[in-house]
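Trainee: have a look; sequence and predicted model below, questions after that.
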Amino acid sequence: MDGKIRVLIADSDMEYSSSLVHFLSEKHINDFTVALVNSSEKLGRLLDAGYRADVLVATSYFLKSLESKIMSDLLGRFEGILLLKEGGSQGSELPKFRGYLGIVTETIKYQNAHEIVLKIIDLHSSISKMERPVSKARGSGKIGVFSPIGGSGKTFIAVLIAKYLASIKKRVLLLGFEDISSLRGYFSGMPDGCSSELFLGLKTREGEFEVKEFIWEDSVSGVSVLLPPTSVSEPCELTPDEVARIYSMQIEHFDFVVSDLGAWDSVKSFKVLQTQDLIIFPIRDDKTSELKTLSWVNFCKGFEGERFEGLLGRCVCVRMTQQEDFESYSPSEMGFSDSISFRQLHDQDVESAQVREFVSKLL
């Protein structure tokens, strides 16, 4: 594209959007290539055809009118979104970008077009400077890390994903469904766990409290943590319905919710995993772990059939290994949407190239 910024304008206001496209095409022909959509139907056809661009310039009204599937498909096609607010600085509620890995900036729609041009250029510059890999952009707001196998690295991976997303300026909530000792080693200064009161309240008071009372923010990583119970002896055993209720409790303002899920039995784990958009399934570097995982998969297939097959389509199996030739072996085919082998990580430096590459493969 000769260094030009690829821009898609999305606005149902034909007069305004046409004039903006004309301005970009005529006055800044050396800077931009521009396309325009005025309806969700045309946008859907573009996405189906594999269209991608660097920056989406869209009005909040247009985005809020989209069906969830189109919105989900849309988010994976752009590294940057410039949101044009129709109502000025005090405009209406903005669209939510749950699961979006790119950058969202805002500006006022009805202003000098030159100012919008500067916003597009600045956004594209910010994208270019981001030290992060190109991800698969699965568009997942709720990411669950689960394995029925102990010692598989489940908590390590959940924390790593949460810290990485926070490092690219995403609002992240980390949920831990086991005792606090599994998370405390990754966050210095973490206070005593208190969510046992929240969990008990789910069984008795049905929402007569606010979930933010139980959330602690790590000032170093920027990750918010729903503090797990202090010990496994506290009243923290939840039913699948109670776990699902946690995901609906006043956590809409987070871009991602990452869950370190408990090593539950097959029936409970299946029901909880259904609430997740993306599931990361770690296994240990041994045949026993693989066989136990295969046993879990086969049980769930017999228990839920096609519904479980659909769930596997949202699962990424990851095998951490210390073998030198780690790409020479892959786990047996178990129906996961993707299976990844990766060299064992020993730290959580989200700025390192190895960590960014690893998280990129997962997301």
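Mentor: Thanks, I have the structure now. Numbering: from 1, shown residues only.
Trainee: how many residues are close by Asp54?
Mentor: 21 (other CB atoms under 10 Å). Bear in mind the C-beta positions are built from the backbone N, C-alpha and C, glycine included.
Trainee: who are the contact partners of it?
Mentor: With contact taken as CB atoms under 8 Å, 6 or more residues apart in numbering, Asp54 is in contact with Ile5, Arg6, Val7, Phe78, Glu79, Gly80, His124, Ile127.
Trainee: work out for me the element the last one sits within.
Mentor: Secondary structure assignment for Ile127, by DSSP states H and E: helix 113-129.
Trainee: returning to that earlier point: neighbour count, secondary structure and distance to Asp349 added to the contacts of Asp54, as a markdown table?
Mentor: As requested, the contacts of Asp54 are exported to a markdown table (neighbours: other CB atoms under 10 Å; DSSP: H, G, I helix; E, B strand; the rest coil; distance: CB to CB, whole Å):
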| residue | neighbour count | secondary structure | distance to Asp349 |
| --- | --- | --- | --- |
| Ile5 | 22 | strand | 32 |
| Arg6 | 17 | strand | 33 |
| Val7 | 27 | strand | 35 |
| Phe78 | 24 | coil | 28 |
| Glu79 | 21 | coil | 23 |
| Gly80 | 24 | strand | 26 |
| His124 | 21 | helix | 28 |
| Ile127 | 17 | helix | 23 |
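Trainee: where do the helices sit along this protein?
Mentor: 14-27, 40-48, 60-64, 68-75, 113-129, 154-167, 181-184, 195-204, 240-246, 266-273, 287-304, 306-312, 353-362 (DSSP state H).
Trainee: in terms of mean pLDDT, which of the ones you listed ranks lowest?
Mentor: Ranked by mean pLDDT, the helices of the chain bottom out at helix 195-204, with a mean of 62.
Trainee: buried residues in stretch 171-186, which are they?
Mentor: By 16 or more other CB atoms under 10 Å, the buried positions in stretch 171-186 come out as 171-180, 182-184, 186.
Trainee: ignore the last one, stretch 42-62
Mentor: Residues of stretch 42-62 classed as buried by neighbour count (16+ other CB under 10 Å): 43-44, 46-47, 53-62.
Trainee: which of those residues lies closest to Val225?
Mentor: The shortest approach to Val225 among the buried residues of stretch 42-62 belongs to Ser60, at 31.0 Å (CB to CB).
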